[in-house]
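# Give me coordinates for this.
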Amino acid sequence: MSSTLTSIPNLKTDTFKKIVADTHLTNGTTVSIIVPCYNEVDNINPFITAIKNCDLPYNWEIIFVDDNSPDGTTEVVRHCAALDPRIRGIRRLHRKGLASAVIEGVLSSSASLAVVMDGDLQHDEACIKPMMHEICENGYDLAVASRMVAGGTNQGLKNNWRRALSLVGCFVTKLLLPVPLKDPMSGFFAFKRDLFEEAAPRMTGSGFKILLDFIFTSKPTLKIKEVPMVFRPRLHGESKLDLKVSLKLIIFLVRSRMIKQNII
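Here you go, the predicted structure:
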């Protein structure tokens, strides 16, 4: 027990003490990093290297959830997993979609905390530490890496069209969201895994914005904190954001809001 405690600093909150205690019941893993993938073969090794270079003060694992990519993503993940037991992979057959991939990844974890982030290297892994701090030290349930707070930026979006889609999506989402959140379109966030698991049976599991699905299906007492993120340019692969995805998002938001208000 002492070796685990000394590797995690500032054990001053009841939340953090519980997380450390739970670590001994989950094979030593405190944080599971869930990475939904599709055709990200060139990003797997750089992603793992980036996480290792973070020097996270927690025992972590990475769970890649791949929707049977034809480019060999799963094969690269398996090779990396053979070299490092902290790397895991889930290959999904006959199922597609970011939201459902994240749900499967989280439900496969036994860690106390989980982080969801894209595998395209646009999310700044340096945000993991401050998000963990907000949960473990300041008592928040959910921490969101935000482009819309001081110190954050969305300049990594490919062009003005994608920036416009993102801004419009944020504007519409904030009108319908039951809680204040400046960057509801973020795909990079950390949370207490048990709260996600409690909400999972009510989630739709469709679309790309799993953060919204989590918030809409969680209890109104969910405590949320945003931390600044610099959204980086994509180096490999193609973005999945387009007008069709945005329209599906609006339909999801309207329907979720109506369900929340018991209209349907």
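# Let me see the ranges of the strands in the protein.
Along the chain, the segments classed as strands by DSSP state E run 31-37, 60-66, 87-91, 113-116, 142-146, 189-192, 224-228.
# Wait, D66 touches V76, no?
No. Counting by Cβ atoms under 8 Å, D66 stays clear of V76, with 9.5 Å between them. All C-beta spots, glycine's among them, are computed from the backbone N, C-alpha and C.
# Tell me which of the two has more neighbours.
Remark: of D66 and V76, D66 carries more neighbours, 26 against 22, as counted by other Cβ atoms under 10 Å.
# residues in contact with that one?
For D66, the residues meeting the contact criterion (Cβ atoms under 8 Å, 6 or more residues apart in numbering) are C37, Y38, E40, T73, T74, V77, G89, I90, R91, R92.
# quick one: it from M131, how far?
24 Å (Cβ to Cβ, to the nearest Å).
# And V35, by the same measure?
Following Cβ to Cβ, the distance that separates V35 from M131 is 15 Å.
# Without its sequence neighbours, what residue ends up closest to the residue nearest the centre of the chain?
Most central residue of the chain, judged by C-alpha distance to the mean C-alpha position with Cα atoms, centre = their mean, is V116 at 1.6 Å. Ranked by Cβ to Cβ, 6 or more residues apart in numbering and with sequence neighbours excluded, the top spatial neighbour of V116 is I34, at 4.9 Å.
# From what I see, that neighbour and A111 are in contact.
No. In this structure, I34 sits apart from A111 without contact. The criterion is Cβ under 8 Å, and the distance is 10.1 Å.
# Next, count neighbours for the residue nearest to A143 when sequence neighbours are not counted.
Taking Cβ to Cβ, 6+ apart as the measure, A143 lies nearest to M131, with 3.7 Å between them; neighbours along the chain are not counted. M131 sits with 25 neighbouring residues when counted by other Cβ under 10 Å.
# Equivalent analysis for the one 4 residues further on, please.
I135 has 24 neighbours, counted by other Cβ under 10 Å.
# Leaving out chain neighbours, which residue sits closest to it?
Once flanking residues are discounted, I135 sits nearest to A143: 5.6 Å by Cβ to Cβ, 6+ apart.
# ok, the one you found - contacts?
With Cβ under 8 Å, 6+ apart as the criterion, the residues that contact A143 are P130, M131, M132, E134, I135, F189, A190, F191, I224, K225, E226, V227.
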